[in-house]
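Visitor: kindly return the folded structure for what I paste below:
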Amino acid sequence: MRQTEGIRYLAVVLLVLFLAGCSETYAYLPSVGKPAPAPGTEAPPAPATEPAPAMETPAPRPDLNQQVQSLEARVQQMENRLAQMETRPSAPSAPAVKAKERPSATPAPAPAPTASTDKVYAEGLRLYQAKKFAPARTKFSQYLKEQPKGPKAPEARYHLADSFYQEGKYQEAAVEFNKLASQSPKSILAPAAMLRQALAYQNLHQTASYRSTLTKLVQAYPKSPEAKEAGKWLKEGKKEAPAKAPVKTAPKPE
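Guide: Residues are numbered from 1 along each chain as shown. Sure, this is the predicted structure:
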């Protein structure tokens with residue numbers, strides 16, 4: 001048994017020595033794949049190994065979602081700028097400025113009465129009272145042309161219309177009386193003008209217009225003396241108009 005253990009020990013030692021010698025021998029062997037240098041020649045020095053060039057790291061590819069968002073943001077900015085440009089008030093052109101500078105179309109005020117126009121009315125009234133109706137109408141027409149809304153316009157219109165009536169020109173009289181009632185409905189002469197207008201229609205044998213004018217008079221001026229007279233005529237159903245109707249005398253010029 002002891003001999004067997006000694007032999008095993010010896011075999012192990014030899015194996016270790018053998019492996020140690022092999023390792024030293026392999027240390028002096030040339031590199032695998034390279035020829036050994038010829039005797040008497042020195043092996044050329046190994047070239048210095050250059051460090052391998054560093055590989056460039058590829059730039060990261062931009063994210064597609066980020067590109068889309070960036071484009072959308074730019075588009076939104078452009079739309080905002082366009083909206084601001086559209087809402088910004090543009091500079092008015094030259095014609096527009098001139099149009100604004102023009103005064104608004106308002107009715108021109110009636111010219112102030114002058115001494116000459118008052119004199120024209122006074123002369124017409126003098127001729128009317130003298131029953132010179134044709135020259136009186138000329139003066140009244142002149143006054144109304146110069147002062148269509150003057151303080152004496154209702155009186156001038158009334159006398160002008162009545163001058164036609166006095167001469168038997170009933171159609172012209174009815175037209176002028178109607179102008180007074182429609183243009184100066186608040187005048188104290190408006191009810192009298194409507195009553196005289198109805199009489200002009202009656203003299204023209206226009207019964208429907210006669211009764212219609214009387215009815216309008218009663219409705220428009222129910223408390224006036226002319227309305228009471230018109231109501232009486234409507235109730236009586238007169239076929240013939242009276243020769244004359246009550247007439248309001250225009251105030252005399254001062």
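Visitor: any low-confidence regions in the stretch 51-200 of the chain?
Guide: Within the stretch 51-200 of the chain, the ranges that satisfy pLDDT under 70 run 51-114.
Visitor: that one: helices as residue ranges?
Guide: 64-87, 94-101, 115-129, 133-146, 153-166, 170-183, 190-203 (DSSP state H, counting those that start in this stretch).
Visitor: compute the inter-axis angle for the fifth one and helix 170-183.
Guide: Meaning helix 153-166. Angle of helix 153-166 versus helix 170-183, following axes from the mean of the first three to the mean of the last three C-alpha atoms, to 10 degrees, is 160 degrees.
Visitor: tell me what helix 153-166 is packed against?
Guide: Applying 3 or more C-beta pairs under 8 Å, 6 or more residues apart in numbering; DSSP states H and E, we find helix 153-166 packed against helix 115-129, helix 133-146, helix 170-183, helix 190-203. C-beta coordinates here come from the backbone N, C-alpha and C atoms, glycine included.
Visitor: among those helices, show me which one is buried the most.
Guide: For these, the largest average neighbour count (mean count of other C-beta atoms under 10 Å) is found in helix 190-203, namely a mean of 26.
Visitor: could you give the mean pLDDT of whichever helix or strand comes after that one?
Guide: Sequence order places helix 207-220 as the next helix or strand after helix 190-203, per DSSP states H and E. Averaged over helix 207-220, pLDDT sits at 96.
Visitor: and for stretch 232-241?
Guide: For stretch 232-241, the mean pLDDT works out to 72.
Visitor: separation between residue 122 and residue 177?
Guide: Going from residue 122 to residue 177 by C-beta to C-beta, to the nearest Å gives 22 Å.
Visitor: hang on, I meant residue 232
Guide: To residue 177, residue 232 is 20 Å away according to C-beta to C-beta.
Visitor: picking that back up, could I get the helices and strands packed on helix 153-166 as JSON lines with distance to residue 236?
Guide: Formatted as JSON lines, these follow (distance: least, C-beta to C-beta, whole Å):
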{"stretch": "helix 115-129", "distance to residue 236": "31"}
{"stretch": "helix 133-146", "distance to residue 236": "31"}
{"stretch": "helix 170-183", "distance to residue 236": "21"}
{"stretch": "helix 190-203", "distance to residue 236": "13"}
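Visitor: out of those helices, which is closest to residue 156?
Guide: helix 133-146 (4.4 Å; C-beta to C-beta).
Visitor: residues in contact with that closest one?
Guide: 111, 117, 120-121, 123-125, 127-128, 150, 152-153, 156-157, 159-160, 163-164, 166-167 (C-beta atoms under 8 Å, 6 or more residues apart in numbering).
Visitor: what do you get for stretch 228-241?
Guide: Applying C-beta under 8 Å, 6+ apart, the external contacts of stretch 228-241 come out as 194-195, 198-199, 202-203, 210-211, 214-215, 217-218, 245-246.
Visitor: rerun at 6 Å
Guide: Here stretch 228-241 makes contact (C-beta atoms under 6 Å, 6 or more residues apart in numbering) with 199, 202, 214, 217, 218.
Visitor: excluding chain neighbours, what is closest to the last one?
Guide: Counting by C-beta to C-beta, 6 or more residues apart in numbering, the nearest residue to residue 218 once its immediate chain neighbours are dropped is residue 227, at 4.8 Å.
Visitor: check residue 209 too.
Guide: Spatial nearest neighbour of residue 209, excluding adjacent residues (C-beta to C-beta, 6+ apart): residue 201 at 4.1 Å.
Visitor: I'd say that neighbour and residue 208 touch.
Guide: No - taking contacts as C-beta atoms under 6 Å, residue 201 lies outside contact range of residue 208: 8.4 Å.
Visitor: how far away is residue 204 from residue 177?
Guide: 13 Å.
Visitor: can you check residue 188 too?
Guide: In this view, residue 188 and residue 177 are 15 Å apart by C-beta to C-beta.
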